[in-house]
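*Asks:* Could you work out the structure for the sequence below:
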Amino acid sequence: MRLVGFAAGVCAVVALAGCSKAVDGQPEASGAPLTKEQLFDPCTVSDSVLQAAGLDPASKDSNLFSVPRAEWKGCGWRADGYFISFMSTVYTTDEIRSNDRYHDFKNVAVNGRDGLQFYIGNETPPVECEIAFDTTQGRALINASKFVDSKSSTDPCTLATNAAPHFVGSIPR
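*Replies:* From the prediction side, this is the model:
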């Protein structure tokens with residue numbers, strides 16, 4: 001069941017693969033896209049951050065995509081009825097906004113850090129939400145995805161918003 005939940009959560013991430021463009025290895029600050037090697041590594045977040053967010057550090061899944069993805073780095077952890085994934089990507093905020101699987105964009109601030117919150121997929125009610133933050137090392141994303149069998153009425157953006165303050169201090173500027 002855990003794999004199914006992660007698979008559902010990753011489907012939207014994989015949908016961005018269609019946004020791919022050539023990467024020449026130059027840093028984003030120079031106007032060129034980043035390579036995977038230049039991305040922030042979200043899997044290095046401390047156990048204390050995970051525990052503060054209500055996550056089980058022992059449930060770490062460092063293979064969110066089942067196959068290596070050139071555009072992403074990320075890990076996920078299990079909570080009570082949902083998963084939180086912490087990821088980084090080479091995709092720009094404009095590319096995220098142009099993906100038709102993402103909707104209901106909302107500018108948010110988390111501990112003074114500007115972010116972009118949005119739902120993923122077309123389920124009603126929504127089961128997945130993400131908050132993206134710009135960094136010099138790509139976009140950092142905090143994703144909340146309900147378990148496939150979840151009966152919770154909690155909005156996934158509430159789950160992402162509740163987890164985000166614990167992660168933003170780990171995100172590079």
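*Asks:* in this structure, which ranges drop under the pLDDT threshold?
*Replies:* For the chain, the stretches with pLDDT under 70 are 1-32.
*Asks:* the strands in this structure, which residues?
*Replies:* Per DSSP state E, the chain carries strands over the ranges 72-78, 82-89, 102-110, 113-120, 128-135, 138-146.
*Asks:* Export those strands as TSV, with columns for distance to residue 166 and mean neighbour count.
*Replies:* The way it works is simple: take the backbone N, C-alpha and C, and place the C-beta from them, glycine included. As requested, the strands of the chain are arranged in TSV below (distance: least, C-beta to C-beta, whole Å; neighbours: other C-beta atoms under 10 Å):
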stretch	distance to residue 166	mean neighbour count
strand 72-78	11	22
strand 82-89	9	26
strand 102-110	10	14
strand 113-120	12	20
strand 128-135	12	23
strand 138-146	9	26
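*Asks:* want to throw these into TSV with distance to residue 48?
*Replies:* Conversion of the strands of the chain to TSV gives the following (distance: least, C-beta to C-beta, whole Å):
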stretch	distance to residue 48
strand 72-78	13
strand 82-89	14
strand 102-110	18
strand 113-120	19
strand 128-135	20
strand 138-146	17
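*Asks:* how about these, which one is nearest residue 49?
*Replies:* Closest approach to residue 49 among the strands of the chain (C-beta to C-beta): strand 82-89, 9.1 Å.
*Asks:* partner strands of the closest one, parallel or antiparallel?
*Replies:* Strands flanking strand 82-89 in the sheet, each with its direction: strand 72-78 (antiparallel), strand 138-146 (antiparallel) (DSSP bridges).
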